[in-house]
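Student: Predicted model, plus sequence, below.
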Amino acid sequence: MKYIIPKGSMLTAKDIQHILNQYKSDEARRRKLYDYYQGKHNIIYRVLSDSNKPNNKIVNAFPNYITDMITGYFMGNPVVYTSSDEDYLEKLQDVLDYNDEQNHNVEISKDQSIYGVAYELLYLDENADIRFKKINPQNTILILNNTLDEDMLYGIRYYKNNILNPDEITLELYSLYDITTYTMEGENLKFIERVDHPFRMVPIAAYYNNEEEMGDFEIVMSLVDAFDKLASDNVNDFEQFADAYLKLKGMEGTDSDDVAAMRENRVLILPEDGDADWLIKQINDTYLQNTLESIQNNIHKFSKVPAMTDENFGGNLSGIALRYKLIGLENKVATKESYFKKGLQRRIELITNIFYTLGSQYDYRDISMIFSRNLPANEKEAAELANMLWGIVSDETVLAQLPFVNDPAKEIEKKNSQLSIYSDFEENVENEVENEPIST
């Protein structure tokens, strides 16, 4: 949900409280999305009017499966950065490595999948090193200006940090130049402090999942609820079947002592016109199974995340054949990648602003990013493709196609170093041959 205010507006404590009140519905929505990822589905809270009936609560963790599959497919391989400015790239890579960027990106991608958006906060630690950390989308709000660019004017982050006073909430307001801290109890904001920051922008990067900020499993949550309910009721029916009633016909005089004796002796003595059978509920297994299968297929269809246990994924599929089977997922991840790239560009721009403050002038647009899908690798196909591309595109782009090369720039450096050793060795051999005395 976007919060738009006029460019140049100054937020007061009253304005902040108004925005928080508007945000409550979106906060509840995001909390529910996280609950579903954790397996806390609606079925858990089901209460039956008849407390004597079985009430099994079967959770089918489709949301967890969808998010983990997409996150692994999209961010299982690390993002590779390239630049023509080696000094800039080295400085940037040092910051990324210091923040364990590969693991961090996976967690950002997971939030992006669950909530429809992920946020990270950049700051300087006590040693003045540049840090970035994922912050909770459930209690983070971005305020944009009303221009076509929709530039970020403010960021709000609120959280509990005092176990001795659980009602107290700390709220931080990030602007282009400073951070204002408040404490909040109820609807009262109390000013604590205001400090400057050196980033020259709101130090928050947003990673949207799509234009609508919709989570990857959000569209199929009603289907998941239906599957949970059917699966739970199916178990309830079988439990009731196990507790079936014994129907006795023509034995009106039977009392509890007779029933106890029959249970102990496992013998029924019936009159000539008597009969006994179990009174059970008839279950249409075929209909139930077909309904469950139909719902499951629709969950995978509309989430665009295939069931990897499907027999269609068996065998030795070529890379092209596998990609055709994953075309829906690939289209979805392509959208995710374009928004993730924007988030990374803002992260790099914020880091570069600190470099500028320290006296180094770089352009964040000089950094290029290479994303690669985490698929079972057909290394022979990749090598053949790289061989065909050799001489047509740059060496770095060629090496980026090989699944076992994580850093093309470093690989080129290693190759050049190796060629230099070979060249020196050959030159030494030639010199020794030229200087060797001729025997007479």
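Tutor: Alright, I've got the coordinates.
Student: Which phi and psi values does Val195 adopt?
Tutor: When quoted as degrees, to the nearest 10, the phi and psi of Val195 stand at phi -130, psi 150.
Student: swap that for Leu122, please
Tutor: Note on Leu122: backbone dihedrals following degrees, to the nearest 10 are phi -100, psi 140.
Student: who touches it in this structure?
Tutor: Counting by Cβ atoms under 8 Å, 6 or more residues apart in numbering, Leu122 makes contact with Ile130, Arg131, Phe132, Phe199, Pro203, Ile204, Ala205, Arg347, Leu350, Ile351. Quick note: C-beta positions are derived from backbone N, CA and C, even for glycine.
Student: Most widely separated two among these?
Tutor: Pairwise distances across the contacts of Leu122 (Cβ to Cβ) peak at 14.3 Å, for the pair Ile130 and Ile204.
Student: returning to that earlier point: dump the contacts of Leu122 to TSV, plus neighbour count.
Tutor: Formatted as TSV, the entries for the contacts of Leu122 read as follows, by neighbours: other Cβ atoms under 10 Å:
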residue	neighbour count
Ile130	22
Arg131	14
Phe132	22
Phe199	21
Pro203	25
Ile204	23
Ala205	24
Arg347	27
Leu350	24
Ile351	22
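Student: Tell me the helix or strand right after the helix or strand hosting Arg157.
Tutor: Assessed by DSSP states H and E, Arg157 sits inside strand 152-159. Tracing the chain C-terminally past strand 152-159 and defining elements by DSSP H and E, one meets strand 169-174 next.
Student: what helix or strand is the residue nearest the centre of the chain on?
Tutor: A centroid search over the chain (Cα atoms, centre = their mean) returns Lys110, at 1.7 Å, as the residue closest to the centre. Using DSSP H and E, Lys110 sits in helix 101-115.
Student: Which one of the contacts of Leu122 is nearest to Ser294?
Tutor: The nearest one, if we look at the contacts of Leu122 relative to Ser294 and count by Cβ to Cβ, is Ala205, at 41.1 Å.
Student: is it true that that closest one touches Leu350?
Tutor: Yes. If you go by Cβ atoms under 8 Å, Ala205 and Leu350 touch, sitting 6.9 Å apart.
Student: ok, back up a step: and the contacts of Leu122, which of them are in helices?
Tutor: Among these, the residues falling in helices (DSSP state H) are Arg347, Leu350, Ile351.
Student: quick one, strands of the stretch 201-350 of the chain?
Tutor: Under the criterion DSSP state E, counting those that start in this stretch, the stretch 201-350 of the chain contains strands at 204-208, 245-249, 275-279.
Student: What is the burial count for Ile370?
Tutor: When counting by other Cβ atoms under 10 Å, one arrives at 15 neighbours for Ile370.
Student: right, and it touches Ser83 too?
Tutor: No. Applying Cβ under 8 Å, one finds Ile370 not in contact with Ser83, separated by 11.6 Å.
Student: My reading is that Tyr34 lies in a helix. Confirm?
Tutor: Yes. Using DSSP: H, G, I helix; E, B strand; the rest coil, the assignment for Tyr34 is a helix.
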